[in-house]
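In: show me how the following folds:
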Amino acid sequence: MMNSKTIIALGLIALGVFSSCNETVDVAQERRATNEKAFHAFADSTDFQRITQPGIAGNGFIYMKVTKKGDEQVGIDYTDAVTLFRDAYLTSDWIKSNLNAQHLRQTLDLNSIQQETVASLPTGLRIAVEHLHPGAEASVVVPWYFNVNNATEPTQSYTSLYYRIRIGSVIKPSSN
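Out: Now for the predicted structure:
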């Protein structure tokens with residue numbers, strides 16, 4: 001039989017373990033709330049439009065402000081490859097101070113970058129690119145649920161991103 005001191009010690013250890021788990025969940029939930037608030041801060045903006053893509057995540061959407069239209073004769077599809085110049089920031093940092101927001105990725109001012117397939121882009125960024133044209137420039141706000149498994153701009157869970165993007169060339173797949 002266990003004595004009462006052992007039972008009390010095990011109870012205190014279990015309490016410590018369970019309370020630390022709750023603390024971890026609370027931090028993630030706090031990050032989620034902060035990022036959702038930052039994302040929805042663009043809802044009342046007259047400059048940003050709510051953009052959806054049929055068949056992707058039900059009622060999910062991004063916010064996008066097109067600053068330069070590009071060549072509207074050429075559309076961008078899921079199967080295309082693009083040169084996509086982009087600067088990525090945490091949306092919460094961008095809202096606090098766009099001048100002091102730290103870059104997660106910075107290729108907007110580079111002369112050349114590798115092409116990426118549209119299909120390989122994170123979901124939120126892919127939605128934006130498919131609504132643009134070669135030569136277009138835009139600001140895009142992506143909610144955390146469209147930023148999942150983002151290998152190019154790795155972040156913590158529940159992170160909303162703010163992008164400044166420019167579409168370079170578009171390569172259509174060969175029709176062999």
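In: could you pull out the strands in the chain for me?
Out: Secondary structure of the chain (DSSP state E): strands at 49-51, 62-68, 81-90, 103-106, 116-117, 137-142, 161-171.
In: using PDB, list the CA coordinates for the second one.
Out: It refers to strand 62-68. Output of strand 62-68 as PDB, limited to C-alpha atoms (Å, rounded to 0.1, in the frame of the first residue of the first chain):
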ATOM      1  CA  ILE A  62      -8.300  36.600 -47.700                       C
ATOM      2  CA  TYR A  63      -8.100  40.400 -47.900                       C
ATOM      3  CA  MET A  64      -6.400  41.900 -50.900                       C
ATOM      4  CA  LYS A  65      -5.600  45.400 -52.200                       C
ATOM      5  CA  VAL A  66      -4.400  45.500 -55.800                       C
ATOM      6  CA  THR A  67      -2.000  48.400 -56.300                       C
ATOM      7  CA  LYS A  68      -1.100  47.600 -59.900                       C
END
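In: any buried residues in it, and which?
Out: For strand 62-68, the neighbour count (16 or more other C-beta atoms under 10 Å) marks 62-66 as buried. Backbone N, C-alpha and C define where each C-beta goes, glycine included.
In: partner strands of that strand, parallel or antiparallel?
Out: strand 49-51 (antiparallel), strand 137-142 (antiparallel) (DSSP bridges).
In: kind regards, and thank you for your time.
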